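J.: have a look; sequence and predicted model below, questions after that.
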Amino acid sequence: MRNTLLLLLIVPFFLKAQSIPVRSVTIFKNGKSMVERSGKVSVENRRYSTRVLPPALFGTYWASSASGDLTGIYTTRDSLETSVPKIQTLDLLEQNKNQTLRMWILPSTNQQLEVLEGKFIRRLTDKDPYNQSFLFQTTDNRFLYLYGQMINRVEFKDEPTCAEFIVKKASTRLDMNFKSDKKEQHIDLMYLSDSIGWTPVYRLDLKGGTKARLSLRAEITNNSEDLNDAEIRLAVGIPNFQFANQKSLLFNFWHYQYLTYTGNYRDYFSNALSSQTAGGQTLAEVTIQGQNKTGIPPETSKAEDYFFYSVRPGNFPKFSRYQVPVLEESVETKHYFDCTLIKATPDLLRNYTSYQYYTDNRKEDDSYRVDHYVEFKNKSKQPWTTGVTNILSENENGLQPVSQSLLPFTAPGATCKVMVSQAPDIKVNHLEAVTERRENVAEFFLQMFDVAKVEGKVSVVNYKSEPATIKIHRSIVGKPLSSDQKWTTQEENAFLWVNSSFEVEWEIVLQPGEERTWKYSYEVLVNW
């Protein structure tokens, strides 16, 4: 039976690629990735040790041995002997005391540099390590008492000796312990990292009124570790890693000391963890340094609520980026123009200045903003993930860039809409007024309400050179009565108030240069 252990790890991890290579990396759109490693390691005295540790997130590190011999994993912070070159000036002079040299010194700040030629004799005793003195013999047999801080430049005739010395530095260590005497063990590792991510980039080529070409490329960023030729799986779906929004304390000794000092360490072990929610992370900086060499669409797979694109960048080292084509397909498009009128509320009837809150959607001539949308259906068997979309339109000069928008998540069989631009050549105007009022018609929570009948007028002009489908929306607090132009009304979810709320929509098709005007009415209970 395979023996497994669940651990919590942190800090950069690069177990040697030749020992435990990366088998696959599943990358989610919130900047987190599940790294899977599998391979053999050398074991001495039933132990495998490494001082390079994984950047695992809270509660996600899983280690297992194929033989079932893995009995435990131990981490500690101890000392490591390291060779360090002597780079201090007096250390260098002392190591090359038999070599004649030339030295530039600055006796004081008010004097100019003085050039000395001769040999370093010895370092003199001085308690201050930053102001050590030494004895220097010049070529004319003068002995000078100097300070190290006076030295500005040293010139050697021959290449100087630069010896190294051994120092001890604090270092973390990971040990994997086994119950057998095997000299080699096969290890599988899995951990969630937040240093690898991907973001989708779409391109929509509009080719005439009803045809378009949709292309998707994935831009992958790797700031974690060398992935070599590992399989990269790009996850499409909503990530849910509820407790992986913080680092583990197992290897972050300094962080744990800080939390202990501030008293916050209890948060890591309290029942409050059960109420935490997953936080989103946006992948901000992505550059393109690679292309799919084959151009072959990636393999796909599905698991639970996720869909995966599988690609192999080839050599994918740390601190690199990669762009790979994911899909390309033809779509049938429908263009329309969308306008939303100011919401009809009782406050609007009492105070006309309420229109000021809607100035973002009104132009200087009081016409409304009209947006150009293109919608199309996902007829493939794979979802389209949310991503930035560059839109180009084909004309006699080829494909011309027109805008950059957002393509929303679209499941297979669903229809998505993407905004192209604002349409300055379609004008929508709107006026309304109270035409009838009946007092004290209804009582609600000991308050008397009047009934106000409101009549409005909508005017639409198409200045384009081709027919245009136009959709006009409005939210109405009250009861829709009638409209000269066919409309659809949908009552919103009920709430405890005297008036209901409806969403209404008009959809019309105007020929080039055509103008259309219609009236409508609704009534609303108002407490004047």
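T.: It's in.
J.: let me see the mean pLDDT of whatever helix or strand A170 lives in.
T.: Using DSSP states H and E, A170 sits within strand 164-178. Mean pLDDT, computed over strand 164-178, is 81.
J.: please apply the same query to stretch 237-246.
T.: 83.
J.: distance between the ends of it?
T.: Stretch 237-246 has an end-to-end distance of 21 Å (criterion: CA to CA, to the nearest Å).
J.: direction included, what does the strand holding A170 pair up with?
T.: strand 47-50 (antiparallel), strand 70-85 (antiparallel) (DSSP bridges).
J.: what residues of the strand ranked longest in the chain count as buried?
T.: Secondary structure of the chain read by DSSP state E shows that its longest strand is strand 320-340. For strand 320-340, a neighbour-count test (16 or more other CB atoms under 10 Å) marks 320-327, 331, 333, 335-340 as buried. In short, each C-beta sits where N, CA and C put it, glycine included.
J.: among the residues you listed, which two are most distant?
T.: S320 and C339 (46.2 Å; CB to CB).
J.: any low-confidence regions in the stretch 201-350 of the chain?
T.: 248-298 (pLDDT under 70).
J.: cool, the stretch 51-200 of the chain as well?
T.: When residues are selected by pLDDT under 70, those of the stretch 51-200 of the chain lie in 84-86, 109, 126-130, 165, 167.
J.: how about the helices in it?
T.: Under the criterion DSSP state H, counting those that start in this stretch, the stretch 51-200 of the chain contains helices at 89-95.
J.: how about the strands of it, start to end?
T.: In the stretch 51-200 of the chain, the strands defined using DSSP state E, counting those that start in this stretch lie at 61-65, 70-85, 101-105, 114-123, 133-138, 143-147, 151-156, 164-178, 184-193, 196-206.
J.: any chance of those strands in TSV, plus mean neighbour count and distance to K302?
T.: Formatted as TSV, the strands of the stretch 51-200 of the chain follow (neighbours: other CB atoms under 10 Å; distance: least, CB to CB, whole Å):
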stretch	mean neighbour count	distance to K302
strand 61-65	21	23
strand 70-85	12	32
strand 101-105	18	72
strand 114-123	15	72
strand 133-138	17	74
strand 143-147	13	73
strand 151-156	14	68
strand 164-178	14	34
strand 184-193	20	20
strand 196-206	22	17
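J.: compile those strands into a markdown table and extend it with columns for distance to G413.
T.: Shown next, in a markdown table, are these (distance: least, CB to CB, whole Å):
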| stretch | distance to G413 |
| --- | --- |
| strand 61-65 | 37 |
| strand 70-85 | 46 |
| strand 101-105 | 79 |
| strand 114-123 | 82 |
| strand 133-138 | 83 |
| strand 143-147 | 82 |
| strand 151-156 | 76 |
| strand 164-178 | 48 |
| strand 184-193 | 32 |
| strand 196-206 | 19 |
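J.: contact partners for P401?
T.: Neighbouring residues of P401 by CB atoms under 8 Å, 6 or more residues apart in numbering: 390-392.
J.: just the buried ones from those?
T.: For these, a burial check counting by 16+ other CB under 10 Å picks out 391-392.
J.: tell me the one of the contacts of P401 nearest F28?
T.: Looking at the contacts of P401 and their distance to F28, the nearest is N390, at 23.4 Å (CB to CB).
J.: give the buried residues for the particular helix or strand that has V428 in it.
T.: Element membership of V428, judged by DSSP H and E, is strand 426-444. By 16+ other CB under 10 Å, the buried positions in strand 426-444 come out as 426-430, 432.
J.: of all those, which two lie farthest apart?
T.: Largest separation among these by CB to CB: I426 and E432, giving 20.5 Å.
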